[in-house]
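Colleague: Kindly return the folded structure for what I paste below:
(2 chains)
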Amino acid sequence: MSKNKDRFLNILIVSPSILAVSIFIYGFIAWSIRVSMSQWKGLTPDYTFVGLSNYISLFNDPRFLVDIRNTVIFTLVFVIGSITLGFFLAVILDQGLKGEAFFRSLFLFPMAISYIVTGVVWRWLMNPAEGDRISGFNLLFSNLHLDFLINKWHTTVTWGIAAIALAAIWQMAGYIMALYLAGLRSVPEELREASRIDGANELQIYRYVVLPILTPVTLSAIIILGHISLKVFDLIIAVAGKQYPLDVPAIYMWQTTFDGLFYGRGAAIGTLLLLSVAVLIIPYIRYTLKSEAQQ
Amino acid sequence: MKKSFVLRFTIVLLILSIVLAGCGQAASNEVEVFSWWTGGGEAAGLEAMIKIFNAEYPKITFNNAAVAGGAGTNARAVLASRLQAGDPPDSWQGHAGQELIGTYVKDSKIEPLNDLYEAEGWGKVMPATLIPLISQDGNIYSVPVNIHRANVLWYNPKLLSDNGIAVPTTIDEWLSAMETLKGVGITPLALGEQWTKMHLLETVLLGTLGADKYNGLWDGTTDWGGADVTTALENYNKIVSYANTDSASLTWQDASQLVVNGNAAFNVMGDWAEGYFRELGKAPKTDYGWAPVPGTGGTFQFLSDSFVKAVGAKHPDAAESWLKVAGSKAGQEAFNPVKGSICARTDCDKNLFGVYLQSAMDDWASNTVVGSLTHGVVANDSWKSEIDTALGAFIASQDVPTFQTGLVAACKSSGPCQ
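Modeller: I've put the predicted structure just below:
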């Protein structure tokens, strides 16, 4: 009896959040999917069912193809860059050098800043102006007589999006460092000693002992960075505004829905974004739940 | 800690109940006017007009429902949800022309104002070529309060005279002037981010096609795939090639500033740039000069903020009273000198305005009036955003034929070319 009462109370307590989540998350996901299969264009909702035609036209839309290409470039540069840099910083800090706490905080701080602020600062740093008006990194390179490094940053044709990824790396590498640092500290010293006795050099220890132990950390890092990069929006807006060469799905969705009133198309882009994140996240959640259940 | 939480919670509840109570009671004698004029000269101008409204209609309470943020992006989202919920403000602000007509007339959200124009005699004091641009099927839908000009070529007088260049009046003259300037190492043209490139495009289309064919682009009588448009796009491609290389990273202010600072010779921007030059402490005619964009002499490419009357307005009479003030000489003379624009009426007192605006007033009264694309007059929002996408692709590729194909497709999908 009392157990039943407990159960009732439990359900009662969580029911508001279940209700809220089911309406405001799943309800709206369902509604968005419905809109994405409608021909709604303009202010008045028009739910006439058109099947997948919004999706099909997106994949024939040159702008959406640019978006996909930009997302792929951004994701590769951002994920590989952040993980490499983060791991490198973690290994250095793990050597037990002086002032470790100071550097740890220093590398972590950028994470506390919003993407808008990062974007504004990097907009100044990556100023592509030439001649008298040269500034930012380009001015620095020019003063250091490293003229070959002067470039057009995010205004570079085709690869400009990679410059935006640099700003994102600056922001997130510290966080990845923290993840790896925690992982490195959990590698038992005995393992390293054992490998040394077996004749492994330091490089081989990292390659064959430490990195395999850190695989779950790397996986988490890829998931976290990956879903951030699929959704990237504010950073690009802050650096470059709404410009075609740096377009990504989230910006296209915003512009076509609210500037162009193509609600059906906007909802289709939103749904595709959700799917792409889900492909990344769902296996991860299943994996985590499974390993937690095993413990 | 706990106490302050309880306190805060109570305050939030109080505010909520006040807000809810406010929604319930609609005062019989008020007018709710919705806009995105929340700062700078715009807000000050609105305040000046409200003063006149209060003096003329002391019994009507003016409810200023301005929403801040992003050149109206937020306001439009709020307005859209209010319209969908069937709770329209009595009157709201929008760019005159298709941005209003294409969005709100199609869905029967705003009322024709022909009777008001008739009664107030506005047809006689506003340019005859303006009326078709703010009408659909013979119905006039909004009251323009201010006028800005889009087709203005700003130039640096010193750079031009030093190099023996006369102010160009045709596109060919302009191109050869820019070639000369490029030869002596001066940036010929200052250009900014993507929307400023669309702004330049609309003026080049006008300069190449002329007023009639330009108007035909928007009503379907000029073929977007035609040879004239090809010439215009090729001109545009040539003109853009003289621009600064960092245009993608500049705002319109950054780009316009290059001209008054002597870093570039020409810039095409609407005449709000003049207000910005004055803010920078620059003097007209010595620090900056102006002319119609080459090829567009005798034509006034306009954009305008205007007010509408909602279908189902809760206070229809009060809304008309507001529109009367917005279209009146007193109302426009109060608003425009503060905002830095000219009156839509042609009978405003010139002495209230600076030297540039006076010249704009002369042109407004005498020129052929055509509408701006970038600023919402000639194309509805969907069409404009499709053109913007085609332009973006062109900026990346510089491929004129693909650009033209994209423009033809944009007109088919969202314009009159079926």
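
Colleague: what does the stretch 151-295 of chain A have sitting close to chain B?
Modeller: A:152, A:154-155, A:157, A:240-245, A:247, A:255-256, A:258-262 (C-beta under 8 Å from any C-beta of the partner chain). All C-beta spots, glycine's among them, are computed from the backbone N, C-alpha and C.

Colleague: Mind checking which of those residues are in strands?
Modeller: The members of those all map outside strands under DSSP state E.

Colleague: For the stretch 301-418 of chain B, which residue gets nearest to chain A?
Modeller: B:G392 (2.4 Å; C-beta to the nearest C-beta).

Colleague: Next, that residue: secondary structure please.
Modeller: The three-state assignment at B:G392 reads helix, by DSSP: H, G, I helix; E, B strand; the rest coil.

Colleague: any idea of the pLDDT on the closest residue to chain B within chain A?
Modeller: Closest approach between chain A and chain B, counting by C-beta to the nearest C-beta: A:Y244, at 2.4 Å. We note a pLDDT of 91 for A:Y244 in this prediction.

Colleague: can you count the residues close to the spatially closest residue to it that is not a sequence neighbour?
Modeller: Excluding the flanking residues, the one nearest A:Y244 by C-beta to C-beta, 6 or more residues apart in numbering or on different chains is B:G392, at 2.4 Å. Applying other C-beta atoms under 10 Å in any protein chain shown, we find 23 residues neighbouring B:G392.

Colleague: likewise the one 3 residues further on?
Modeller: Other residues near B:I395 number 19, with proximity taken as other C-beta under 10 Å.

Colleague: what's the answer for B:G275, then?
Modeller: By other C-beta under 10 Å, neighbour count at B:G275 equals 17.

Colleague: how far away is it from B:Q93?
Modeller: In this view, B:G275 and B:Q93 are 19 Å apart by C-beta to C-beta, to the nearest Å.

Colleague: what's the answer for B:F307, then?
Modeller: Distance from B:F307 to B:Q93, by C-beta to C-beta: 6 Å.

Colleague: Which residues are in contact with each of these two?
Modeller: B:V33 (C-beta atoms under 8 Å, 6 or more residues apart in numbering or on different chains).

Colleague: Neighbour count: the two, which is higher?
Modeller: B:F307 (27 against 24).

Colleague: Which residues are in contact with the more buried one?
Modeller: Here B:F307 is in contact with B:33, B:91-94, B:142-143, B:145, B:322-323, B:326 (criterion: C-beta under 8 Å, 6+ apart).

Colleague: quick one: which of those residues is nearest B:N64?
Modeller: Among the contacts of B:F307, B:V33 lies closest to B:N64 (C-beta to C-beta), at 6.3 Å.

Colleague: which ones are touching that closest one?
Modeller: B:62-65, B:89-93, B:307, B:322.

Colleague: switch to 6 Å and redo it
Modeller: Contacts for B:V33 (C-beta atoms under 6 Å, 6 or more residues apart in numbering or on different chains) come out as B:91, B:322.

Colleague: Spell out the residue ranges of the strands in the stretch 151-300 of chain B.
Modeller: Here the stretch 151-300 of chain B has its strands, by DSSP state E, counting those that start in this stretch, at B:152-155, B:187-190, B:264-268, B:289-292, B:299-303.

Colleague: Remind me what the last one packs against, helices and strands.
Modeller: For strand B:299-303, the elements it packs on are strand B:146-149, strand B:368-371, judged by 3 or more C-beta pairs under 6 Å, 6 or more residues apart in numbering or on different chains; DSSP states H and E.

Colleague: For those strands, please prepare CSV with the additional fields distance to A:V120.
Modeller: Listed next are these as CSV, based on distance: least, C-beta to C-beta, whole Å:
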stretch, distance to A:V120
strand B:146-149, 28
strand B:368-371, 35
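
Colleague: how about those strands in TSV, adding distance to chain A, mean pLDDT and mean neighbour count?
Modeller: Converted to TSV, the helices and strands packed on strand B:299-303 look like this (distance: least, C-beta to the nearest C-beta, whole Å; pLDDT from 0 to 100; neighbours: other C-beta atoms under 10 Å in any protein chain shown):
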stretch	distance to chain A	mean pLDDT	mean neighbour count
strand B:146-149	20	96	26
strand B:368-371	18	96	23
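
Colleague: Compile the strands of the stretch 151-300 of chain B into TSV and extend it with columns for mean neighbour count, mean pLDDT and distance to A:W170.
Modeller: Listed next are the strands of the stretch 151-300 of chain B as TSV, based on neighbours: other C-beta atoms under 10 Å in any protein chain shown; pLDDT from 0 to 100; distance: least, C-beta to C-beta, whole Å:
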stretch	mean neighbour count	mean pLDDT	distance to A:W170
strand B:152-155	23	97	38
strand B:187-190	25	97	31
strand B:264-268	27	97	32
strand B:289-292	19	97	43
strand B:299-303	27	96	40
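
Colleague: Let me have the ones you listed in a markdown table, extended by distance to B:A177.
Modeller: Below are the strands of the stretch 151-300 of chain B laid out as a markdown table (distance: least, C-beta to C-beta, whole Å):
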| stretch | distance to B:A177 |
| --- | --- |
| strand B:152-155 | 9 |
| strand B:187-190 | 7 |
| strand B:264-268 | 8 |
| strand B:289-292 | 12 |
| strand B:299-303 | 20 |
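
Colleague: and B:L159, how many neighbours?
Modeller: When neighbours are counted by other C-beta under 10 Å, B:L159 comes out with 20.

Colleague: show me the contacts for it.
Modeller: B:A265.

Colleague: Report the two of the contacts of B:F307 separated the most.
Modeller: Counting by C-beta to C-beta, the most remote pair of these is B:G94 and B:W322, 14.5 Å apart.

Colleague: And the helices in the stretch 151-300 of chain B?
Modeller: For the stretch 151-300 of chain B, the helices defined by DSSP state H, counting those that start in this stretch occupy B:157-162, B:171-183, B:194-219, B:227-240, B:252-260, B:272-279.

Colleague: count of residues packed around the residue of chain A closest to chain B?
Modeller: 23.

Colleague: From B:A393, how far out is it?
Modeller: Using C-beta to C-beta, which is the criterion applied here, A:Y244 is 6 Å from B:A393.

Colleague: Buried residues in whichever strand or helix holds A:Y180, which are they?
Modeller: Assigned by DSSP states H and E, A:Y180 falls within helix A:160-185. Within helix A:160-185, the residues scored as buried using 16 or more other C-beta atoms under 10 Å in any protein chain shown are A:160-181, A:183-184.
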